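K.L.:
here is my input; please provide its structure:
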Amino acid sequence: MSNKKPIKLAVLSIIGLLGLAACSKTTEEVYSKPSNYEDPIVSFTDAEDVHNDILSVIYDSMHDSSLSSKTLDEVLYLYAESVFGSYNKITLKDGDAITLKDAVISYTKENNISKINTFIKAHKSYWTYNDDGKHIDADGNVIAEGADWNPNAYEIDHVISKYDAIETRIAEAMFEKINGGSYTVKHYFGESDFLKSLYQDSKKVNYVKNLEKVIIPYTVEGESIFDEFTGFDGNSHTALHREYYQDSASIEVTENTDDLYKACKYTYIEDELIPTIYNDLLVEQYLLDEDIAAVRNSRARKINVIKIEKYSNFSNNADMLVKSLVSEIYANVPTGEHVEFDSEKVEDFGTSLFNKYSVIAKGLYDQIQDAPDDAWAGLPAKTIVENLNNLASDVYESEKITVDTKDIYYYKNTTYGDLVKDYDEVNKVTDYDSMSDTKYSTFTSSGTRTIKEGFEQQKIDIMQSETVTKGWYIQSQTPSLDSNGTINDRLFKLSVANARIEVKADGTGVEALDAADRFVLKDGEWKLRTSASDTENKFLCSINGMFFLKFEGQYSGDDWKNDIVYDDGNAYYLVQVIEAAKDSKLRSTSATSYAKTRSQEFMDEVIDEVAKIVGDTGSYTSLSRDHWLEEMSLVYHDQKIYDYFKDNYPDLFN
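P.N.:
Numbers count the residues shown, from 1 in each chain. Coordinates of the predicted model:
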């Protein structure tokens, strides 16, 4: 939500903290030495034998080359707090103010509207504005400056969505810190190792030793890194324990800030993550205030893509599996009067469907057999494999080998099946001169591990191979998908966003879809079209509310319904387009905006996601800094800081 009237902040709180207290126009040295500049740090009988035992060493070190940029980051963080409100009591600089967490928790859990109303009135970034930058109420009426008013539902939703976004970013930031780092060895992540590194770096964490090392499945997303997940072993695990990085006391609403801070030993999230998150939010707020067109015209797409590779020795399986997947998608027939329009349900269905077929494509026998019926959308994985076997006897045929009296089952002509066969071959060899050196070296890693260890490691490699791509992308920051770039070429065509959805006046259902819909309602019964419509959207089709990217022609000259499959020669792809956010959908005043067809909270979530991606492109970070510094009334008392700001932001001194 755009704030067209940014806050003018005379940074009084910063003056006390950072000493920005002299006139910014002065050309004289603007910092003075403390009266005890040459006093010893500690007193010894033979002080002359102690090197650098003088306070000037500490004082001068505070004026090194990095201090000025650090000061800038701190200034921006403090300013961001004035814009968005302090995150919680730990980060609160003004002990009497209501924090963002206070406001949201009091409203959502205690139904206390007074705190969130007071919070909104104190922070203009949550107000509703018209296109002229005027503060308006829920009916679009301009609120005169100084007039008495109460925040509307949109503004309350905006605060809640901002808090939720920060919580998501905390989890994503933690995921980013551990993903692919040195704390993961042979796919096993050790939280104790991560905690130890932070503890040794003097970060405020709870260093707990000997925590269980876990494999974090590739399907676990950053925002859920603190949540329990089901591992490959079928048991429940947790990758990161939030309480080790954020004391439980800081999670609760507590009135006495001083006592709270003393009580909290573990404030890593408040100390290390929140300042960065808030500074990122400032960049995004700059976009919303000064360049909202960059967000609205970014051609943002939220997608869900599956890739099924065509291996040379069992490409027939990939072909049959893709056809099975397409059949399951079309089996999702509308019921009642309307097609499915629960966006969350549609997204979850697609995700479950793709994850299921990803497991089958890898040929992971145990996962295919053990997956319960309710674990996936549509047919169970085992049933799909059995159906494919009925079509061709050599497809996914079950076999087993026995190693050390243990039976290992597998499906022939799959990735995992080939691994098992190679494992069996290596185990049976008695004359290593007659065996492939490559296979032996691959399993033993050139003799550094046993054959069995190598087999288990390669099995995990297959499990962890990412064949499903999810998330938000924009045209200037596209995903890496097919080898030809054809998917991105079509995905980011403007016409992708033209699929029209008409919603009932009460916002509860879909009356009709445009010609992208593959199902039509005839005589009270839903029927699949017999052929593609001449007026159908060129890039997109809808199958009971699930939108899929279309490709010209059908692979292998097959059924017209297979135009949702793309074949780049090496693999098959299906692309579910969950959201295509064009300009009108991101305008509150538009009849087709997300605010009207979904909710204001949903639109805020989309804008937050898109602005976050756009903010990481181009020069928006530097543009944002220039903008917000101009909105502040800064004065200085430190020459190093003064010089840094004058050299890097000369417009402040004009």
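K.L.:
surely V83 is in a strand?
P.N.:
No: read with DSSP: H, G, I helix; E, B strand; the rest coil, V83 is helix and lies in no strand.
K.L.:
ok, how many other residues are close to it?
P.N.:
20 (other CB atoms under 10 Å). For every residue, glycine as well, the C-beta is placed using N, CA and C.
K.L.:
could you measure from it over to E172?
P.N.:
Separation of V83 from E172 (CB to CB, to the nearest Å): 21 Å.
K.L.:
next one: E425
P.N.:
The value you get for E425 to E172, if CB to CB is used, is 43 Å.
K.L.:
of those two, which one has the most company?
P.N.:
Ranked by neighbour count (other CB under 10 Å), E425 and E172 place E172 first, with 19 against 15.
K.L.:
what's the spacing between S622 and E284?
P.N.:
When S622 is compared with E284 (using CB to CB), they lie 14 Å apart.
K.L.:
in the single longest helix found in the chain, what counts as buried?
P.N.:
Longest helix of the chain, by residue count under DSSP state H: helix 153-178. By neighbour count with 16 or more other CB atoms under 10 Å, helix 153-178 contains the buried residues 154-163, 165-175, 177-178.
K.L.:
where does the prediction get shaky in the stretch 51-200 of the chain?
P.N.:
Low-confidence regions of the stretch 51-200 of the chain, defined by pLDDT under 70, span residues 51-69.
K.L.:
apologies, that question was intended for the stretch 551-654 of the chain.
P.N.:
If you take pLDDT under 70 as the line, the stretch 551-654 of the chain has these spans: 553-557, 633-642, 644-645, 648-649, 651-654.
K.L.:
where do the helices sit along the stretch 401-550 of the chain?
P.N.:
All helices of the stretch 401-550 of the chain, identified by DSSP state H, counting those that start in this stretch, fall at 415-428, 437-444, 451-464, 486-491.
K.L.:
rebuild those as a markdown table, extending it with mean pLDDT and distance to A392.
P.N.:
As requested, the helices of the stretch 401-550 of the chain are exported to a markdown table (pLDDT from 0 to 100; distance: least, CB to CB, whole Å):
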| stretch | mean pLDDT | distance to A392 |
| --- | --- | --- |
| helix 415-428 | 90 | 15 |
| helix 437-444 | 81 | 28 |
| helix 451-464 | 92 | 23 |
| helix 486-491 | 91 | 29 |
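K.L.:
who wins for proximity to I105 among those helices?
P.N.:
helix 451-464 (37.2 Å; CB to CB).
K.L.:
and for G447, the neighbour number?
P.N.:
Using other CB under 10 Å, G447 has 8 neighbouring residues.
K.L.:
can you pull the contacts of it?
P.N.:
Residues near G447 by CB atoms under 8 Å, 6 or more residues apart in numbering: S441.
K.L.:
from D437, how far off is it?
P.N.:
11 Å.
K.L.:
cool, and A331?
P.N.:
48 Å.
K.L.:
equivalent analysis for A318, please.
P.N.:
Distance, A318 to D437, by CB to CB: 30 Å.
K.L.:
comparing those two, which residue is more hemmed in?
P.N.:
Neighbours were counted for A318 and for D437 using other CB under 10 Å; A318 has more, 19 against 10.
K.L.:
can I assume that one is in contact with S324?
P.N.:
No: contact status for A318 versus S324: not in contact, 10.7 Å apart, counting by CB atoms under 8 Å.
K.L.:
all helices of the stretch 251-400 of the chain, in order?
P.N.:
Here the stretch 251-400 of the chain has its helices, by DSSP H, counting those that start in this stretch, at 257-263, 268, 274-290, 292-296, 315-330, 343-362, 365-370, 381-391.
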